[in-house]
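[1] 3D model of this:
(one chain, ligands or ions: 1)
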Amino acid sequence: MKILNYINGSLMDPIGSGQMENIEPATGLVYGSIPRSMNEDVAIAVEAAEKAFPSWSSLNQNERAKYLFAIADGIKARFEEFVAAESKDNGKPISLARAVDIPRAISNFKHFGHAITQFSSESHSMPGLAINYTLRQPIGVVGCISPWNLPIYLFSWKIAPALAAGNCVIAKPSEVTPLTAYLLAEVCKEVGLPDGVLNILHGTGPEVGDAIVSHPKIKAISFTGGTTTGKIIAAKAAPMFKKLSLELGGKNPNIIFADCDYDEMLTTTVRSSFANQGQICLCGSRIIVEDKIYDKFVRDFREKISAMAVGDPQDNATKMGALVSKSHMEKVLSYIDIAKDEGGKIETGGQQIHMNGRCAQGYFVQPTVITGLDINARCNQEEIFGPVVTITPFSSIEEALSIANGVVYGLSCTIWTNNIKRAHNLAAKIEAGVVWINCWLLRDLRTPFGGMKASGVGREGGLEVLRFFTEAKNVCVKL
Ligand code: NDP
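    You can find the predicted model right below:
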């Protein structure tokens, strides 16, 4: 399948005609090509977006909302096609794409379509002297760059609010998972989104991604991806005074106290450790367990994980699929070797899986559980972003807190306890943008989302995301 760029309302090859291979991670086989876009493609997309901006930004918000609802309906109408594409591109179980990724992409468009109709701004009165009001105006042309792990889910989390707020968008999905972004371009054409309002360019980060970040007329960048890339983007964008939202990596603690509801905790911890093969930024990759139940937990968790079947992601019964690429699989396996060198004990897993049949050349790794590592070991400090978790015991709240906060990251945390006071006190002290108590991955789109420390800047939710995509201007009127 040949994927095309979507620029100024048309599907097209890149100007330089460069193409790259698109590989299905479950099979290791090439199944299509994607454009290798460059600076010149960004230039024509920006020109189209600039041209579209005056009429798009001056549309009544209800009219813009109608387009967002139409896109949501368009994805819904092609639901199974999106599901299959998300799974094929990413290696994720098709059941996960069906239950999470595609429904969430639909709700992102619906949510921000509704949100823009409720969006308001502030007024501050200086009695007898003046009245101030805040105009929140769209920024202009903005850039949205997203990663491969939840391809259309995260792509739409950026594009939907940017469009709703009245901006025109230059968007780039990850080069390893371009297919659902291409389907989205087709949907935008089907629903008649005005030309140039959304432009989707494919290619590599250092080429087209960098061209987006560097373009002087792109005034804001909303980026989700790794912390290293976030640093590069921040360094490039800061001297141009671009508005930046950075949602970056994590090394999330999952703190388990002996008084928790054990069975519920165990079931959810299996999911929070290994959903999407551990390739969700919010997965709990460091399990920290109160010493009273440490041995029991390790035994029970090991038993459950060693029984987990890894299979063809396109099979409806599969719960664990393939890793996204060969290079990512090699990175994950290298961390398992590092853990062994650092004295870790592999409780279960630790190997690449060589499947039979269709998936014989695919990128599969056993779900892996490691104990016995020092808290400063690399596998306890660095983001692996795969099916690898570590387990560490603690004996006091202070120790749990110090282990939890003892990394550069601060994205999310889960706490399992029935002691309400302890849960709330700990939540206040945890350095993370999202804290779940006795649950994981429950998301209300109105709540702030994002990380602290090296996990990013700009915790945003609902109307705040819309605010990111606007310029605030104070107008002061003397009475
Ligand atoms: P990367 O940082 O490698 O890539 C993210 C996106 O940035 C991709 O589209 C990539 O393009 C692009 N990119 C790469 N280099 C540049 C550059 N120099 N300039 C502009 N764009 C560039 O992340 P991954 O795709 O590997 O995603 C995994 C990471 O994302 C993990 O660290 C994970 O924690 C994080 N993440 C964070 C989330 C959060 O909400 N905080 C949510 C989900 C993931 P290409 O891939 O084509 O090279």
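[2] shouldn't residue 135 be within a strand?
    Yes: according to DSSP: H, G, I helix; E, B strand; the rest coil, residue 135 belongs to a strand.
[3] ok, it touching residue 472?
    Yes: between residue 135 and residue 472 there is a contact under Cβ atoms under 8 Å: 7.4 Å. Where you see a C-beta, it was placed from the backbone N, CA and C, and this is true even at glycine.
[4] contacting residues around whichever strand or helix holds residue 402?
    Here residue 402 sits within helix 397-405, counting by DSSP states H and E. Outside of helix 397-405, the residues within contact range by Cβ atoms under 8 Å, 6 or more residues apart in numbering are 253, 255, 286, 288, 290, 375, 392, 394, 413, 422, 426, 429-431.
[5] beyond that helix, next helix or strand please.
    strand 409-410.
[6] sheet partners, orientation included, of that following strand?
    Partners of strand 409-410 in the sheet, by DSSP bridges, are strand 452-453 (antiparallel).
[7] contacts for the strand it pairs with, please.
    Strand 452-453 has contacts (Cβ under 8 Å, 6+ apart) with 408-411, 431-433, 459.
[8] can you name every helix or strand that the helix or strand following that strand contacts?
    Sequence order places strand 456-457 as the next helix or strand after strand 452-453, per DSSP H and E. Applying 3 or more Cβ pairs under 8 Å, 6 or more residues apart in numbering; DSSP states H and E, one finds that strand 456-457 makes contact with strand 243-247.
[9] between whichever helix or strand comes after the strand it packs on and helix 397-405, how big is the angle?
    Moving toward the C-terminus from strand 243-247, the next helix or strand (DSSP H and E) is strand 252-256. Orientation check (axes from the mean of the first three to the mean of the last three Cα atoms, to 10 degrees): strand 252-256 against helix 397-405 gives 160 degrees.
[10] thinking again about what came up before, now do the shared contacts for residue 135 and residue 472.
    In contact with both residue 135 and residue 472: residue 121, using Cβ under 8 Å, 6+ apart.
[11] just list whatever residues bridge to residue 368.
    Note on residue 368: beta-bridge partners residue 388, judged by DSSP bridges.
[12] would you map the helices across the stretch 301-450 of the chain?
    Taking DSSP state H, counting those that start in this stretch as the test, the helices found in the stretch 301-450 of the chain are 326-341, 378-381, 397-405, 420-429.
[13] send me the third one as PDB with only the CA atoms.
    Which is helix 397-405. In PDB, the C-alpha atoms belonging to helix 397-405 read as follows (Å, rounded to 0.1, in the frame of the first residue of the first chain):
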ATOM      1  CA  ILE A 397       6.300   5.000  53.300                       C
ATOM      2  CA  GLU A 398       9.400   7.100  53.300                       C
ATOM      3  CA  GLU A 399      11.300   4.500  51.400                       C
ATOM      4  CA  ALA A 400       8.500   3.900  48.900                       C
ATOM      5  CA  LEU A 401       8.300   7.600  48.200                       C
ATOM      6  CA  SER A 402      12.100   7.900  47.900                       C
ATOM      7  CA  ILE A 403      12.200   5.000  45.400                       C
ATOM      8  CA  ALA A 404       9.200   6.400  43.500                       C
ATOM      9  CA  ASN A 405      10.600   9.900  43.200                       C
END
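[14] so which bits of that helix are buried?
    Within helix 397-405, the residues scored as buried using 16 or more other Cβ atoms under 10 Å are 397, 399-401, 403-405.
[15] the inter-axis angle of it versus helix 420-429?
    Using the same axes, to 10 degrees: helix 397-405 against helix 420-429 is 40 degrees.
[16] what about helix 397-405, average pLDDT?
    Here helix 397-405 scores 98 as its mean pLDDT.
[17] list the contacts of residue 348.
    Contacts of residue 348 by Cβ under 8 Å, 6+ apart are 302, 305-306, 366-369.
[18] put the buried members of the contacts of strand 452-453 into a ChimeraX selection.
    Buried residues within those, by 16+ other Cβ under 10 Å, are selected in ChimeraX with:
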select :409,410,411,431,432,433,459
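[19] closest to the ligand out of the contacts of strand 452-453?
    Among those, residue 411 lies closest to the ligand (Cβ to the nearest ligand atom), at 5.6 Å.
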